[in-house]
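K.L.:
let me see the structure of the following:
(2 chains)
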Amino acid sequence: MSALFAKQSAPTIFFGRLGRYALRGLEQIGDASMLGLHALSLFFAKPWQGRHFILQLYALGVGSLIIIIITGAFTGMVLALQGYYTLAKFGSASLLGAGVGISIIRELGPVLGALMIVGRAGSSITAEIGIMRVTEQVDALVMMAVNPKQRILLPRIIAMTLAVPLLVSIFDVIGIGSGYIVGVKLLGVNAGDYMGELIAKITMTDIYGGWVKAVVFGFMIGMICTYMGYRSERTTEGVARATTQAVVVSSVSILIIDYILTSFFL
Amino acid sequence: MIRGENLSKRYGDVTALSPTDIDIRAGKITVIMGGSGSGKTTILRLLAGLEAPSSGHVWYDDKDLCAIPAKYLYEMREGMGMLFQYSALLNSLNVYDNVAFPLHEHSELDESVIRTMVSMKLEQVGLRGFEQMMPSELSGGMAKRVAFARAMAMDPRIVFFDEPTSGLDPISAGVIATLILDTSRKNHMTSIVVTHDVSTGLSIADHIILLWQGSIIAEGAPASIRDSDDERVQQFLHGRPDGPIPFSRSTTSYIDDLIHKPGTVRLEL
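P.N.:
Numbering: from 1, shown residues only, chains lettered A, B, ... in the order given. I've put the predicted structure just below:
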């Protein structure tokens, strides 16, 4: 009896909790993967979800456009401003275009773009699916012989996987363009130098690398946000918690995966 | 036609339904009644295949619902309908699209034919002319009637009704009860109705099943239930606060809790 209730030491409690969290995390990753893969396996199953995919692509893509344009514009402007004063100290202000372009295409475009999309579109996906569960709309679909994984999850995962690289491309163009305006029009960098260095220094590998990151981020956001919504508790508090978790887990995952992918492309 | 065999359901440590056998008669209205938390919605969801039982089987003729592949289960559901407690209309669709939804999904009918069918279903529930309204603009009673029209859109053989009259005024509740009765009779539909509304249950049922704490305590025709000698049945039917069904489910004595709870003042009596 006494052994059963013996006080556990602090390290035992700490590692016990750590282990439980790790197991819970692994369980969730496994569950999310199974759910996502099941949804993806229905890609070719009838009825074809093309219309719903287009609607989702429109909602995610067009809905996130403004935030992507604003974020891209100010990121390019700040980069140009910071980059100009740093490069000018070494007499290399002419490299501003290359600096802004490489930073945006390789890193800032995919990462900041994806983070913005998580906040704007990912959270709404989780909340929408969660509310559908709370209000039994998911059950209603099931009873109307419509597979919710095919109807709700699949179009959103695919749309997100496609929307993120498209939006990141727009982010890149806007960022480089706004960097040009600040660098050339406001700070007096030669327009030929800005564009010439930009074109000379940026390789197709940089562009492909950015796109690969964007596709991976998009797929990951789609999987995480649909999973969190679909598995949320059937309460309003549960949906709120799931939405917060979706944003946090997606954002942290983006940063971790970005490091891993960057190490491959360098 | 539908048979639950040794069905049980547990959520963690909580037993929602103890092992139970249940028979649903084809072409009849079976009403499952019981107080809150008695397991009636659980049994409905198990019979509809919305949840897997912790033990037991659900048989549709000779098919085990728990064992058939998901693809065939979806095919079977094309012949089923369900009216949910809170209507569960698809928020993003208007009334017309909600009712037309199953027809769009599972038929190759021309839109003009679908329009006529939706119009007929909405006329049946007294809501023709409300096609363009969104679910958020409907009252509870109207939403229930739209959900009823949607559940009937495919002329199903089996329909599940989860608390169809809860939260409705007496007239709306009466309208829904009449719709269930008339439609079931005319279409020879198998209807499974879960409710705690005694008067509605007794008025529409061919067969009543009464649940208490996850077990069946009585079943039979409405007259036999009404005349039952079981005190639990009579307490439920007449809504008596005192009787064998306790109101309080506290596991410990209130006085014990007060005396032994940390921080409470101990009174010397």
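K.L.:
for residue B:220, give me its contacts.
P.N.:
B:207, B:208, B:228 (CB atoms under 8 Å, 6 or more residues apart in numbering or on different chains). (Glycine included, C-beta is placed from N, CA and C.)
K.L.:
kindly report the residues of the stretch 51-200 of chain B close to chain A.
P.N.:
B:70, B:74-75, B:77-78, B:80-82, B:84-86, B:88-91, B:101-102, B:105-106, B:150, B:160 (CB under 8 Å from any CB of the partner chain).
K.L.:
list the ones among the residues you listed that fall in strands.
P.N.:
In strands, judged by DSSP state E, the following of those are found: B:80, B:81, B:82, B:160.
K.L.:
if I look at the third one, how far off is residue B:75?
P.N.:
Read it as residue B:82. In this view, residue B:82 and residue B:75 are 16 Å apart by CB to CB, to the nearest Å.
K.L.:
more neighbours: these two, which one.
P.N.:
residue B:82 (26 against 13; other CB atoms under 10 Å in any protein chain shown).
K.L.:
for residue A:228, which non-adjacent residue is closest in space?
P.N.:
residue A:246 (3.9 Å; CB to CB, 6 or more residues apart in numbering or on different chains).
K.L.:
and the strand or helix carrying that neighbour, which residues are buried?
P.N.:
Counting by DSSP states H and E, the element that carries residue A:246 is helix A:236-265. When burial is assessed from 16 or more other CB atoms under 10 Å in any protein chain shown, helix A:236-265 yields the following buried residues: A:239, A:242-243, A:245-247, A:249-251, A:253-254, A:257-258, A:261.
K.L.:
which strands or helices does that helix pack on?
P.N.:
helix A:109-117, helix A:123-134, helix A:204-230 (3 or more CB pairs under 8 Å, 6 or more residues apart in numbering or on different chains; DSSP states H and E).
K.L.:
just how off-centre is the second one within its chain?
P.N.:
What that stands for is helix A:123-134. 18 Å (CA atoms, centre = their mean, to the nearest Å).
K.L.:
average pLDDT for the helix or strand just after it?
P.N.:
Sequence order places helix A:137-143 as the next helix or strand after helix A:123-134, per DSSP H and E. For helix A:137-143, the per-residue pLDDT values average out at 95.
K.L.:
other SSEs contacting the next helix or strand after helix A:137-143?
P.N.:
Next helix or strand after helix A:137-143 toward the C-terminus (DSSP H and E): helix A:148. Counting contacts by 3+ CB pairs under 8 Å, 6+ apart, helix A:148 packs against helix A:137-143.
K.L.:
all strands of the stretch 151-269 of chain B, in order?
P.N.:
B:158-162, B:190-195, B:207-212, B:215-220 (DSSP state E, counting those that start in this stretch).
K.L.:
before we move on, the earlier item: which among the ones in strands among the residues of the stretch 51-200 of chain B next to chain A end up buried?
P.N.:
With neighbours counted by 16+ other CB under 10 Å, these contain buried members at B:80, B:81, B:82, B:160.
K.L.:
specify which member of those is nearest to chain A.
P.N.:
Of all these, chain A sits closest to residue B:82, with 4.1 Å by CB to the nearest CB.
K.L.:
show me the residue at the heart of the chain, geometrically.
P.N.:
In the absence of a named chain, this looks at chain A. residue A:114 (3.3 Å; CA atoms, centre = their mean).
K.L.:
other chain: chain B
P.N.:
Geometric middle of chain B (CA atoms, centre = their mean) lands on residue B:162, at 2.2 Å.
K.L.:
what about residue 20, how many neighbours?
P.N.:
No chain specified, so I'll use chain A. Residue A:20, neighbours per other CB under 10 Å, totals 10.
K.L.:
was after chain B, sorry
P.N.:
Neighbours of residue B:20 under the rule other CB under 10 Å: 21.
K.L.:
quick one: low-confidence parts of the stretch 51-200 of chain A?
P.N.:
For the stretch 51-200 of chain A, no stretch has pLDDT under 70.
K.L.:
show me which residues of it sit near chain B.
P.N.:
A:131-132, A:135-137, A:139-147.
K.L.:
secondary structure element for residue A:87?
P.N.:
Using DSSP H and E, residue A:87 falls in helix A:50-89.
K.L.:
got the contact list for residue B:83?
P.N.:
Per CB under 8 Å, 6+ apart, neighbours of residue B:83: B:144, B:147, B:148, B:151, B:159, B:160, B:161, B:162, B:164.
K.L.:
and the residues you listed as TSV, adding distance to residue A:88 and pLDDT?
P.N.:
Output for the contacts of residue B:83, formatted as TSV (distance: CB to CB, whole Å; pLDDT from 0 to 100):
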residue	distance to residue A:88	pLDDT
B:144	71	92
B:147	68	95
B:148	73	94
B:151	72	95
B:159	76	95
B:160	74	96
B:161	76	95
B:162	71	94
B:164	75	92
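K.L.:
just the residues of the stretch 51-200 of chain B next to chain A: which are in helices?
P.N.:
B:70, B:74, B:75, B:77, B:101, B:102, B:105, B:106, B:150 (DSSP state H).
K.L.:
for residue B:89, give me its contacts.
P.N.:
So residue B:89 contacts A:137, A:140, B:98, B:135, B:138, B:143, B:146, B:147, B:150 (CB under 8 Å, 6+ apart).
K.L.:
dump those into CSV; add neighbour count as well.
P.N.:
Formatted as CSV, the contacts of residue B:89 follow (neighbours: other CB atoms under 10 Å in any protein chain shown):
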residue, neighbour count
A:137, 24
A:140, 24
B:98, 26
B:135, 21
B:138, 19
B:143, 20
B:146, 26
B:147, 28
B:150, 32
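K.L.:
could I get those residues as JSON lines with distance to residue A:31?
P.N.:
What follows is the contacts of residue B:89, written out as JSON lines (distance: CB to CB, whole Å):
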{"residue": "A:137", "distance to residue A:31": "22"}
{"residue": "A:140", "distance to residue A:31": "23"}
{"residue": "B:98", "distance to residue A:31": "31"}
{"residue": "B:135", "distance to residue A:31": "31"}
{"residue": "B:138", "distance to residue A:31": "36"}
{"residue": "B:143", "distance to residue A:31": "33"}
{"residue": "B:146", "distance to residue A:31": "35"}
{"residue": "B:147", "distance to residue A:31": "31"}
{"residue": "B:150", "distance to residue A:31": "31"}
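K.L.:
of those, closest to residue A:198?
P.N.:
residue A:137 (49.1 Å; CB to CB).
K.L.:
alpha carbons of stretch A:215-227, as CSV, please.
P.N.:
These are the backbone C-alpha positions of stretch A:215-227, laid out as CSV (Å, rounded to 0.1, in the frame of the first residue of the first chain):
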residue,chain,number,x,y,z
VAL,A,215,3.9,23.0,-51.9
VAL,A,216,5.1,21.1,-48.8
PHE,A,217,3.9,23.9,-46.5
GLY,A,218,0.5,24.0,-48.2
PHE,A,219,0.1,20.2,-48.0
MET,A,220,1.1,20.3,-44.3
ILE,A,221,-1.3,23.2,-43.4
GLY,A,222,-4.1,21.5,-45.2
MET,A,223,-3.5,18.2,-43.4
ILE,A,224,-3.1,19.8,-39.9
CYS,A,225,-6.0,22.2,-40.1
THR,A,226,-8.5,19.7,-41.5
TYR,A,227,-7.4,17.1,-39.0
